[in-house]
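Visitor: With the sequence up front, the predicted model follows.
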Amino acid sequence: MVASALLLFTACDVIDSTSDRSEQNRGISESLTTQTLERGGPPATGNTIVDIASGNDDFSILVDAVVFAGLDGVLSSQRQLTVFAPTNDAFIALLEALELTPEELFVEENRDLVRSILLYHVAPGKRDSGAVTTADQINTLQGFFIKVKEENGAFLIGNEENGYAEITDVDINASNGIIHVIDSVMLPPSENNAGDGDSGNGEGDNGDEDTNQSIVDIASGNDDFSILVDAVIFAGLVDALDGNRQLTVFAPTNDAFIALLETLELTAEELFSDGNEELVRNILLYHVAPGSRAAEDVISSTRIRTLNSSFIFVNEQDGDFFVGNDNGFAQIVATDIFARNGVIHVIDAVMLP
């Protein structure tokens, strides 16, 4: 009922406030689904995005929606996020157009729908107003892009299919990201809307290397790297991977970390416990090389020195490429995910120095 009403609603543009990436990268991005978003990483400390929204009566419907959709853990985690927060008036306008009350919208059959809409208001990484207004498009945790445009000095975000919201307040900083206030609820487009312009995250149709998103931002925005992000936070390497120094990261997937943990007969919580910081840090630094090395540079090398000061060796078998050492090799399964401070290549195992 509500879903069909929303489809009709979006076709009419009621809330309009003003009236390839590469196949390898696409495969990685497809894992950015809602099924594992509940992890969110460890809780953040201090004023989180949820804390700030909960403390402002003008966001009470947004907070209710977040709790209903089960996203409060995500927005309270240590992951750095950017939230475009609709006010109560924005939600009321949407509900009036749908002829619904909040109680009628927030029923079990609509949970996935509400979740998808909310995730379209959240982008990976902390993007201040300068980063937002200089981007053409911003990828979201929902998987589709927010478009950014300027009209008569006002900045608008949304999409051509379902309309735009005006950014009315900016740069409300939280311990785990930043909030920008908008005057309408944005509805996601019906299909992938990646364009050729600057996305601020290197995820346009053509896999454009021009990006404002750091290695940490990209990893944080893909749930297939959630354990890696937790490890980076635990080891205190966020700043190192979020700075301006050009780096190459060989990024193990969650499955790679799970396989390691099973071999060690440990849980993630046991590994990420006091006393193991230096061990985890040393392992992670073995996955990072100085300089931005595209896939072509990697596979043409026989060995690569890492920030751990040890070498990764590169092998080729039947057209597949592997990196590692006598402790074992990991296969490179995706390449050339470019960030503003380097490049990520995805591997299927955790390498031990």
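Guide: Cool, the structure landed. Please read these numbers as outputs of a predicted model, since none were measured by experiment. Numbers count the residues shown, from 1 in each chain.
Visitor: going forward, measure contacts and count neighbours with C-alpha atoms only.
Guide: Will do.
Visitor: Surely Thr335 is in contact with Val346?
Guide: Yes - using CA atoms under 8 Å, Thr335 is in contact with Val346, at 6.2 Å.
Visitor: Common neighbours of the two, please.
Guide: Common contacts of Thr335 and Val346 (CA atoms under 8 Å, 6 or more residues apart in numbering): none found.
Visitor: and this protein, what are its domains?
Guide: 2-182, 215-347 (automatic domain parsing).
Visitor: Where among these is average confidence lowest?
Guide: Ranked on mean pLDDT, the bottom entry among those is domain 2-182, at a mean of 78.
Visitor: Helix or strand: which one has Ala219?
Guide: Using DSSP states H and E, Ala219 maps to helix 215-220.
Visitor: Let me know the next secondary structure element after that helix.
Guide: Assigned by DSSP H and E, the successor of helix 215-220 is helix 226-234.
Visitor: after that next one comes which helix or strand?
Guide: Later in the chain than helix 226-234, the nearest helix or strand by DSSP H and E is helix 238-242.
Visitor: that older thread, so which of the domains of the chain comes closest to Glu191?
Guide: Closest approach to Glu191 among these (CA to CA): domain 2-182, 7.6 Å.
Visitor: Just give me how far that closest one sits from the chain centre.
Guide: The chain centroid and the centroid of domain 2-182 are separated by 13 Å, computed with CA atoms, centre = their mean, to the nearest Å.
Visitor: Alpha carbons only: can I get the helix holding Ala219 in CSV?
Guide: Extracted in CSV, the C-alpha atoms of helix 215-220 (Å, rounded to 0.1, in the frame of the first residue of the first chain):
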residue,chain,number,x,y,z
ILE,A,215,41.0,5.1,1.3
VAL,A,216,39.3,5.0,4.7
ASP,A,217,36.1,6.6,3.2
ILE,A,218,35.9,4.0,0.5
ALA,A,219,36.5,1.1,2.9
SER,A,220,34.0,2.5,5.4
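Visitor: Quick one: list the elements packing against that helix.
Guide: When contacts are defined as 3 or more CA pairs under 8 Å, 6 or more residues apart in numbering; DSSP states H and E, helix 215-220 sits against strand 122-124, helix 226-234, helix 238-242, strand 342-347.
Visitor: Recalculate using a threshold of 7 Å.
Guide: In terms of contacts (3 or more CA pairs under 7 Å, 6 or more residues apart in numbering; DSSP states H and E), helix 215-220 is packed against helix 226-234, helix 238-242.
Visitor: which outside residues touch that helix?
Guide: Residues outside helix 215-220 that contact it (CA atoms under 7 Å, 6 or more residues apart in numbering): Arg79, Pro124, Gly125, Phe225, Ser226, Val229, Val238, Leu241, Asp242, Ala339, Asn341, Gly342.
Visitor: Which stretches in the stretch 151-300 of the chain count as strands?
Guide: With strands called from DSSP state E, counting those that start in this stretch, the stretch 151-300 of the chain shows them at 154-159, 163-174, 177-182, 247-252, 288-290.
Visitor: The closest residue to Arg303 other than its chain neighbours: neighbouring residues, count only.
Guide: Once flanking residues are discounted, Arg303 sits nearest to Phe313: 4.2 Å by CA to CA, 6 or more residues apart in numbering. Using other CA atoms under 10 Å, Phe313 has 17 neighbouring residues.
Visitor: Report the contact partners of Phe313.
Guide: Each residue near Phe313 by CA under 7 Å, 6+ apart is listed here: Thr302, Arg303, Ile304, Val323, Gly324, Asn325.
Visitor: State the distance from it to Phe329.
Guide: Shown here: Phe313 relative to Phe329, a distance of 9 Å by CA to CA, to the nearest Å.
Visitor: Which residues are in contact with each of the two?
Guide: Joint contacts of Phe313 and Phe329 (CA under 7 Å, 6+ apart) are Val323.
Visitor: Specify the beta-bridge partners of Thr149.
Guide: Residue 149: Lys, not Thr. Leu156 (DSSP bridges).
Visitor: swap in Ile304?
Guide: For Ile304, the beta-bridge partners are Ile312 (DSSP bridges).
Visitor: Determine the number of other residues adjacent to it.
Guide: Applying other CA under 10 Å, we find 18 residues neighbouring Ile304.
Visitor: Contacts only, for it.
Guide: Contact analysis of Ile304 by CA under 7 Å, 6+ apart lists Phe311, Ile312, Phe313.
Visitor: circling back to that earlier point, nearest to Thr267, of the helices and strands packed on helix 215-220?
Guide: Between the helices and strands packed on helix 215-220, helix 226-234 lies closest to Thr267; by CA to CA that is 11.3 Å.
Visitor: quick one, the closest one and strand 247-252 angle?
Guide: Relative orientation of helix 226-234 versus strand 247-252 (axes from the mean of the first three to the mean of the last three CA atoms, to 10 degrees): 130 degrees.
Visitor: Would you mind pulling the contact partners of helix 226-234?
Guide: Counting by CA under 7 Å, 6+ apart, Gly41, Ala219, Ser220, Val238, Pro252, Asn254, Phe272, Glu277 sit against helix 226-234.
Visitor: related to what we said a few turns ago, buried among the contacts of Phe313? Make that a ChimeraX selection.
Guide: This is how ChimeraX selects the buried members of the contacts of Phe313, with burial counted by 16 or more other CA atoms under 10 Å:
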select :303,304,323,324,325
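Visitor: Much appreciated, bye for now.
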